[in-house]
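Asker: Let's see this in three dimensions:
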Amino acid sequence: MKKVISTNNAPAAIGPYSQAIEANGMLFLSGMLPIDPSTGNIVEGGVKEQTSRIFKNIEAVLAAAGTTMDNIVKTTVFLDDMSLFGEMNEVYGSCFSGAFPARSAFAVKSLPKNALVEIEVVAVK
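Answerer: Residues are numbered from 1 along each chain as shown. Here you go, the predicted model:
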């Protein structure tokens, strides 16, 4: 059985999808954009500021599901350009303690709302 996870502390879905789904002790978070939930806008700044905002959004959705960043097992990072990888990676690395989750990172042609980065997450409860 699946359960929809939703919180006002992270941006609302901008399409026909859920912020996250819980199923069989697993959490599947949709791709998170660097949107400030209080304004509905992409945060100002570059990829570092955007990555930081994304992780705040991820933490909010995980908290709504009753878990934390420590339970993330896999991330997928989508970048507007691979030249942004180093700066994104610097912020990314500071968001975890202990063992890092598995990760894939890709450059894509473009991202919604012209974001520089989007990150999706799989976590366990």
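
Asker: So what touches the strand or helix carrying K48?
Answerer: Assessed by DSSP states H and E, K48 sits inside helix 47-64. Applying CB atoms under 8 Å, 6 or more residues apart in numbering, the external contacts of helix 47-64 come out as 5-7, 9-11, 19-20, 27, 29, 32-37, 42-43, 68-69, 71-72, 79, 84, 87-88, 90-92, 95, 115-119, 121, 123. For glycine as for every other residue, the C-beta is placed from the backbone atoms N, C-alpha and C.

Asker: Check those for burial and list the buried ones.
Answerer: Neighbour counting by 16 or more other CB atoms under 10 Å classes 5, 7, 10-11, 19-20, 27, 29, 32-35, 37, 42-43, 69, 71-72, 79, 84, 87-88, 91-92, 95, 115-119, 121, 123 among the contacts of helix 47-64 as buried.

Asker: Can you flag which of those belong to helices?
Answerer: 87-88, 91-92 (DSSP state H).

Asker: Do you have the strands of the protein handy? List them.
Answerer: With DSSP state E, the ranges of strands along the chain come out as 2-5, 20-23, 26-32, 35-36, 41-42, 72-79, 102-107, 117-124.

Asker: any chance of these in TSV, plus distance to E49 and mean pLDDT?
Answerer: Formatted as TSV, the strands of the chain follow (distance: least, CB to CB, whole Å; pLDDT from 0 to 100):
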stretch	distance to E49	mean pLDDT
strand 2-5	25	96
strand 20-23	23	98
strand 26-32	14	98
strand 35-36	10	97
strand 41-42	10	96
strand 72-79	15	98
strand 102-107	18	98
strand 117-124	10	98
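
Asker: returning to that earlier point: quick check: buried residues in the helix holding K48?
Answerer: So, applying 16+ other CB under 10 Å, buried residues of helix 47-64: 47-58, 60-62, 64.
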